[in-house]
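> Quick one: sequence plus predicted model below, questions after.
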Amino acid sequence: MTDQASELRGKPTSASRTTLSHIMTGSDTNLLGTVHGGVIMKLVDDAAGAVAGRHSGGPAVTASMDEMVFLEPVRVGDLVHVKAQVNWTGRSSMEVGVRVLAERWNESTPATQVGSAYLVFAAVDADGKPRSVPPVVPETERDKRRYQEAQIRRTHRLARRRAIKELREKRAAEGIDD
Ligand SMILES: CC(=O)SCCNC(=O)CCNC(=O)[C@H](O)C(C)(C)COP(=O)(O)OP(=O)(O)OC[C@H]1O[C@@H](n2cnc3c(N)ncnc32)[C@H](O)[C@@H]1OP(=O)(O)O
């Protein structure tokens, strides 16, 4: 990895926080007539990717997307806002938290939350190898809570990966072929 972590100065959460807005049309629907979850997931990935690129100051790739939650159906004519921010940073990875809000495009009613997700992005160099990212500096109490919660998710992701790897190695050592 390109290692300059100690040289990188911290960046506040607000420096890369981004909102992506889009009006849903007939081409975004599923067979039920509501907006396809994959359309929302693309917007989530786009917004999170912009945030990760801004925070890390260069290219960043999606390593994982987890806990994508759809709370309410989104409809044609909804103006969807995808709000994303860096919750936590590691050496080369960043957890980006995303909230998805929707409001009718031509009404002044408040937007309601319709989904959320957590994505991990890895900053990469020109060869696609992980490179160091500046530490995120949480500013508000909400940012600090999100940072702490992201650390819990990180611990669980690593533990889950390690446990599954160990199980597979154990089964392979026992000669079990699946
Ligand atoms: C924006 C887009 O559309 S990108 C297109 C979709 N995404 C891609 O094509 C990415 C394909 N994947 C890759 O290129 C590689 O697997 C990478 C760059 C994500 C990781 O490369 P690796 O060689 O595994 O590097 P490494 O193991 O050092 O991981 C780098 C960091 O990512 C984290 N990471 C890697 N995989 C995962 C994962 N599945 N979940 C969570 N974090 C992960 C690591 O914990 C590490 O974090 P740290 O440096 O902060 O400790």
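Thanks, I have it.

> on contacts alone, who are the packing partners of the longest helix seen in the chain?
Longest helix in the chain, counting residues (DSSP state H): helix 141-173. Counting contacts by 3 or more C-beta pairs under 8 Å, 6 or more residues apart in numbering; DSSP states H and E, helix 141-173 packs against strand 60-70, strand 78-89, strand 93-104, strand 112-123. Just so you know, the C-beta spots here come from the backbone N, C-alpha and C atoms, and that holds for glycine as well.

> The same query, at a cut-off of 7 Å, please.
Secondary-structure packing of helix 141-173 (3 or more C-beta pairs under 7 Å, 6 or more residues apart in numbering; DSSP states H and E): strand 78-89, strand 93-104.

> Find the centremost residue of the chain, please.
Closest to where the C-alpha atoms of the chain average out (C-alpha atoms, centre = their mean) is Leu119, at 2.6 Å.

> Give me the phi and psi for the closest residue to the ligand within the chain.
The ligand sits closest to Gly90 of the chain, with a gap of 2.4 Å, by C-beta to the nearest ligand atom. Reported as degrees, to the nearest 10, the phi and psi values for Gly90 are phi -110, psi -140.

> Repeat that for Asn30.
phi -100, psi -170.

> For it, give me its contacts.
Residues near Asn30 by C-beta atoms under 7 Å, 6 or more residues apart in numbering: His36.

> Tell me the gap between stretch 38-52 and the middle of its chain.
7 Å (C-alpha atoms, centre = their mean, to the nearest Å).

> Determine if any part of that stretch is in contact with the ligand.
Yes - interface with the ligand: stretch 38-52 contributes Gly49 (C-beta under 6 Å from any ligand atom).

> For that stretch, buried residues please.
Under the neighbour-count criterion of 16 or more other C-beta atoms under 10 Å, stretch 38-52 has 39-41, 43-45, 47-52 buried.

> Then stretch 136-148?
In stretch 136-148, counting by 16+ other C-beta under 10 Å, buried: 136-138, 143, 146-147.

> just stretch 53-69 next, same as before
In stretch 53-69, counting by 16+ other C-beta under 10 Å, buried: 53-56, 59-60, 63, 65, 68.

> Please work out which residues outside the helix or strand of the chain with the lowest mean pLDDT touch it.
Of all helical and strand segments in the chain, the minimum by mean pLDDT, DSSP states H and E falls on strand 60-70, at a mean of 95. Strand 60-70 is touched from outside by 37, 41, 45, 49, 52-53, 93, 115-124, with contacts defined as C-beta under 7 Å, 6+ apart.
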